[in-house]
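Peer 1: quick one: sequence plus predicted model below, questions after.
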Amino acid sequence: MNGRYMQLPSQAMGRPIHLWAYGYFGLPVIVFPSAAGFAHEWQAQGMIEVLKPLLAAGKIKLYCPESNVAEAWTRHERPLEERMQKHVAYEKFISEELMSFIRKDCNWANPTVTVTGCSLGAMYAANFALKFPELFNQAICMSGRYLATELTKGQHSLDVYFNSPIAYVSNLNGHALERVKKHTKIILVCGRGAYEEGCIEETISLGRILQRKQIPNYIDIWGTESRHDWGWWKQQALKHFRQQFV
């Protein structure tokens, strides 16, 4: 399926953001890239082709923005505080500017929006659904890490804490917890096979926390044959997109 490419102006980021959009009708889904950060990643890796039947049937519309993962998480040359400011800017871009674009593109004042991603994109998806539950009604997270200190070489800050679902969800109570329980659902998927070390442990840990807090969730653990790669993420995405959107 041919996508629409655009550069979306962003005051928050101080530059245009690369964005690919796929589909003509259906429920909007924001796709966060892995550590590569590229907007075209799902197209290049064959995920769009796998989901083509749902796109053609008008079940979903995919919005695939680039991320600034290198500026915020994967390069460590700059001070942690500066890097976290870059991530906060990206959060503002997604929650305000991209959401504004999606509302206009879908002609829908209060759209029901899913967020999804693989690997590092899964952490982004979980965070956005948990931190902005009124905006994002569910997250489909595949092979994610959910402790941001794994990306900061153990460095701590308040921003790092609030990007570590295992940390902050454990402490959710009162109104903050009720917001999440009322508005969103977290789907965690991970295999037990090659290169899933860390991901499987953190997926299980976050899953237990979600269950303990009674946050709507679905935990799907695959076997030892399931690897941390696109071949398996295609299968996992197709399964869960069919379940949620058909």
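Peer 2: Yep, that arrived. Numbering: from 1, shown residues only.
Peer 1: which parts of the protein are strands?
Peer 2: Secondary structure of the chain (DSSP state E): strands at 4-8, 17-22, 27-32, 60-65, 113-118, 136-142, 185-190, 217-221.
Peer 1: so which of those gets nearest Thr74?
Peer 2: strand 27-32 (13.9 Å; C-beta to C-beta). Just so you know, the C-beta spots here come from the backbone N, C-alpha and C atoms, and that holds for glycine as well.
Peer 1: tell me what the closest one is packed against?
Peer 2: The contact analysis (3 or more C-beta pairs under 8 Å, 6 or more residues apart in numbering; DSSP states H and E) places strand 27-32 against strand 60-65, helix 99-106, strand 113-118, helix 120-131.
Peer 1: what sits up against the last one?
Peer 2: Okay, so that is helix 120-131. 30-35, 67, 69, 73, 91, 94-95, 115-117, 135-146, 148, 151, 162-163, 165, 168-169, 180, 184-186, 188, 206 (C-beta atoms under 8 Å, 6 or more residues apart in numbering).
Peer 1: tabulate the helices and strands packed on strand 27-32 (JSON lines), appending mean neighbour count, mean pLDDT and distance to Gly26.
Peer 2: As requested, the helices and strands packed on strand 27-32 are exported to JSON lines (neighbours: other C-beta atoms under 10 Å; pLDDT from 0 to 100; distance: least, C-beta to C-beta, whole Å):
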{"stretch": "strand 60-65", "mean neighbour count": "23", "mean pLDDT": "98", "distance to Gly26": "4"}
{"stretch": "helix 99-106", "mean neighbour count": "16", "mean pLDDT": "98", "distance to Gly26": "9"}
{"stretch": "strand 113-118", "mean neighbour count": "27", "mean pLDDT": "98", "distance to Gly26": "11"}
{"stretch": "helix 120-131", "mean neighbour count": "26", "mean pLDDT": "98", "distance to Gly26": "18"}
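Peer 1: pull the residues that contact the lowest-mean-pLDDT helix or strand in the chain.
Peer 2: For the chain, using mean pLDDT, DSSP states H and E, the weakest element among its helices and strands is helix 69, scoring a mean of 91. For helix 69, the surrounding residues in contact (C-beta under 8 Å, 6+ apart) are 33, 35-37, 120.
Peer 1: so, low pLDDT: which residues of the protein?
Peer 2: Counting by pLDDT under 70, the ranges of the chain that qualify are 1.
Peer 1: again, only using 90
Peer 2: 1-2, 70, 74-78, 150-151, 153-154, 246 (pLDDT under 90).
Peer 1: follow-up on the earlier one: reformat the strands of the chain as TSV; add distance to Gln236.
Peer 2: What follows is the strands of the chain, written out as TSV (distance: least, C-beta to C-beta, whole Å):
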stretch	distance to Gln236
strand 4-8	26
strand 17-22	19
strand 27-32	14
strand 60-65	16
strand 113-118	8
strand 136-142	5
strand 185-190	5
strand 217-221	7
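Peer 1: re earlier: the helices and strands packed on strand 27-32: which one's closest to Gly198?
Peer 2: helix 120-131 (11.5 Å).
Peer 1: that closest one versus strand 136-142: what angle between them?
Peer 2: 150 degrees (axes from the mean of the first three to the mean of the last three C-alpha atoms, to 10 degrees).
Peer 1: in the longest helix along the chain, what's buried?
Peer 2: Longest helix of the chain, by residue count under DSSP state H: helix 230-245. Residues of helix 230-245 classed as buried: 230, 232-237, 240-241, 244 (neighbour count, 16 or more other C-beta atoms under 10 Å).
Peer 1: which strands or helices does that helix pack on?
Peer 2: Using 3+ C-beta pairs under 8 Å, 6+ apart: helix 230-245 touches helix 47-50, helix 52-56, strand 113-118, strand 136-142, strand 185-190, strand 217-221.
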